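In: Provided below are the primary sequence and the corresponding predicted coordinates.
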Amino acid sequence: MKKNDLLFIILALAILFPFIPFPFLSSIQKGFIYNPQYWVFTSFLKFALLATMGEVIGLRIKTGVFNTTGFGILPRAIVWGFLGITIKLAFDIFAIGIPGFLEKSCSITGVADAMKTKDISDAIANGMGGTRLLAAFCISTAMNLIYAPIMMTFHKITDTHIVDNGGTINGLFKKIHFGDILSRINWNVQWNFVFKKTIPFFWIPAHTITFLLPSEYRVAFAALLGIALGIILSLAAIKGKTK
């Protein structure tokens with residue numbers, strides 16, 4: 001193991017430590033990290049730290065180093081922070097909307113009694129066995145089919161914009177040329193790998209677990225999945241170069 005790898009592991013553990021639900025950290029976590037009152041700040045912070053860590057790991061896989069000129073760790077962290085806010089909003093919207101939709105649909109089609117799905121919202125909140133699992137799966141599926149492709153594409157655009165502008169903070173806030181960047185995206189990889197494979201085979205199952213968790217832990221868990229996203233995107237980039 002190289003020295004830089006060891007230092008990165010130590011730094012990664014230090015970043016992860018405050019998010020782990022240790023009993024002796026409960027007062028700090030309840031006061032800020034998992035306090036819904038500060039959801040904007042904590043959502044930004046969780047994704048800025050954890051999802052960016054995933055990108056750095058992805059860079060290490062692709063290039064053998066944790067940072068390169070023009071990569072732009074800080075601009076990427078800023079983008080991830082704002083994406084984290086939208087992800088939190090998506091969680092809340094789909095976690096409320098999809099159970100309500102399922103309850104109405106089951107009632108209309110007459111299968112509510114057979115499936116015991118009259119109170120899906122309560123099942124998500126209070127943990128009612130198979131109904132809760134079904135609801136979590138449906139929420140994850142809807143979110144990943146409706147919201148995730150847009151978020152993934154926007155993230156790809158911002159990543160390209162950051163690299164195009166030398167990975168600087170000032171470059172991040174320059175005008176984004178959406179049309180130009182969209183024309184340069186490898187849509188073969190974006191569609192056939194990122195969308196068609198990672199969404200059904202990774203993200204829907206992973207976020208099914210997310211929605212089985214208590215609501216205060218969902219954003220942190222999703223941010224941890226950002227580490228997996230960094231690895232997936234690095235594999236997609238490698239795959240794109242081999243086409």
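Out: Looks like it came in fine. Residues are numbered from 1 along each chain as shown.
In: same for the host helix or strand of L13, what does it pack against?
Out: When elements are assigned from DSSP states H and E, L13 belongs to helix 3-16. If you count contacts as 3 or more Cβ pairs under 8 Å, 6 or more residues apart in numbering; DSSP states H and E, helix 3-16 packs onto helix 52-63. Where C-beta positions appear, they are placed from N, C-alpha and C, glycine not excepted.
In: Name the residues of the helix it packs on that are buried.
Out: 52-60 (16 or more other Cβ atoms under 10 Å).
In: avg pLDDT for stretch 20-32?
Out: The average pLDDT for stretch 20-32 rounds to 83.
In: cool, stretch 198-218 as well?
Out: Mean predicted confidence for stretch 198-218 is 91.
In: now do stretch 154-166
Out: Here the average pLDDT along stretch 154-166 is 95.
In: May I see the buried residues of it?
Out: For stretch 154-166, using 16+ other Cβ under 10 Å, the buried residues are 155-165.
In: now stretch 144-157
Out: By 16+ other Cβ under 10 Å, the buried positions in stretch 144-157 come out as 144, 147-148, 152-153, 155-157.
In: want to throw these into CSV with distance to G130 and secondary structure?
Out: Shown next, in CSV, are those (distance: Cβ to Cβ, whole Å; DSSP: H, G, I helix; E, B strand; the rest coil):
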residue, distance to G130, secondary structure
N144, 21, helix
Y147, 25, coil
A148, 25, helix
M152, 31, helix
T153, 34, helix
H155, 34, helix
K156, 37, helix
I157, 40, helix
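In: Among those residues, which one lies nearest to W39?
Out: Y147 (17.4 Å; Cβ to Cβ).
In: dump the residue contacts of that closest one.
Out: 90, 94 (Cβ atoms under 8 Å, 6 or more residues apart in numbering).
In: Now the phi/psi pair for it, please.
Out: Backbone torsions of Y147, given as degrees, to the nearest 10, read phi -90, psi -40.
In: residues near the closest residue to T153 other than its chain neighbours, how many?
Out: Nearest residue to T153 in three dimensions, chain neighbours excluded: Q190, at 7.2 Å (Cβ to Cβ, 6 or more residues apart in numbering). Using other Cβ atoms under 10 Å, Q190 has 17 other residues around it.
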